[in-house]
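[1] Everything below, folded, please.
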Amino acid sequence: MIYVFLATGFEEIEALSPIDILRRAGLPVQTVSVTGERLVYGSHQIGVEADILFDEMDLALADMLILPGGMPGSAHLDACQPLREAIRRQYEAGKPLAAICAAPKVYGHMGILRGVRVTCYPGCEDDLEGAFYTGNLVEVDGQFITGKGPGASMEFGYTIAEAFLGEDVIRPLREGMVYAELAK
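    This is a model prediction of the structure:
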């Protein structure tokens, strides 16, 4: 199961574009509210009903944890101690972690990005503690996939899908969604 965590003020496109792409690819995805309420409002006041609450999540089933960015959503994720504990367990198990925009700072503040090539929203680099900031649209290094910001949302989603299914499987999805034409 791929879990995408929603906190008040999350960047909607950074959560929903990857979710859409992953589900189109046939991957199991659940949105997880860290607010205690199923309805979570993003940074642009779009309400999204989470599939489950944090306490309903089974971390043993987690294939990947994804943190969308946005403010103050990223700060709320960073302040969520149970989420930080889940991230730590995922990290220590060597399982994949992904974050986009301002959300890589959660991993940075936890000290788990040391020596890792990452990207994030410009201006958040100082929160990446020990990481190598590349400024690329999407970066993959070891168990981490990071995205730069809202404009990277689709590429971030495709990159995650490719990590699970391979480029050959995802290429037709890119083409079917007319995304491949944008890269020309």
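[2] From here on, just use CA atoms for contacts and neighbour counts.
    Noted.
[3] Just to check, residue 130 is in contact with residue 114?
    Yes: Residue 130 lies in contact with residue 114 (C-alpha atoms under 8 Å); the separation is 4.2 Å.
[4] Please state the offset of stretch 17-29 from the chain centre?
    For stretch 17-29, the distance from its own C-alpha centre to the chain's C-alpha centre is 12 Å (C-alpha atoms, centre = their mean, to the nearest Å).
[5] Check what contacts that stretch and list those residues.
    Among residues not part of stretch 17-29, those counted as contacts by C-alpha atoms under 8 Å, 6 or more residues apart in numbering are 1-4, 153-154, 156-158, 160-161, 170, 173.
[6] picking up where we left off before, intersection of neighbour lists for residue 130 and residue 114?
    Taking C-alpha under 8 Å, 6+ apart as the contact rule, the neighbours common to residue 130 and residue 114 are residue 108.
[7] Number of residues surrounding the residue nearest to residue 37 when sequence neighbours are not counted?
    Setting aside the residues directly before and after it, residue 37 is nearest to residue 53 in space (C-alpha to C-alpha, 6 or more residues apart in numbering), at 6.9 Å. Applying the criterion other C-alpha atoms under 10 Å, we find 18 residues in the vicinity of residue 53.
[8] Any idea what residue 53 is bridged to?
    Taking DSSP bridges, one obtains residue 33 as the residues bridged to residue 53.
[9] Run through the residues that contact it.
    32-38.
[10] switch the cut-off to 10 Å
    Taking C-alpha atoms under 10 Å, 6 or more residues apart in numbering as the contact definition, residue 53 lies against 5-6, 31-39.
[11] Let me see the confidence value for it.
    Looking at residue 53, its pLDDT reads 98.
[12] which residues are in contact with stretch 78-96?
    Contact with stretch 78-96 is made by 2, 5, 7, 34-35, 54-55, 59-60, 62-67, 72-74, 77, 97, 103-110, 112, 142-145, 160, 163, as judged by C-alpha under 10 Å, 6+ apart.
[13] at 6 Å what do you get?
    Applying C-alpha atoms under 6 Å, 6 or more residues apart in numbering, the set of residues contacting stretch 78-96 from outside is 64, 106, 143-144.
[14] Would you map the strands across the chain?
    For the chain, the strands defined by DSSP state E cover 2-6, 29-33, 39-41, 47-49, 52-53, 64-67, 97-100, 117-118, 132-133, 138-141, 144-147.
[15] Let's have those strands in a markdown table, adding distance to residue 17.
    As requested, the strands of the chain are arranged in a markdown table below (distance: least, C-alpha to C-alpha, whole Å):
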| stretch | distance to residue 17 |
| --- | --- |
| strand 2-6 | 11 |
| strand 29-33 | 12 |
| strand 39-41 | 16 |
| strand 47-49 | 13 |
| strand 52-53 | 19 |
| strand 64-67 | 12 |
| strand 97-100 | 12 |
| strand 117-118 | 20 |
| strand 132-133 | 24 |
| strand 138-141 | 14 |
| strand 144-147 | 12 |
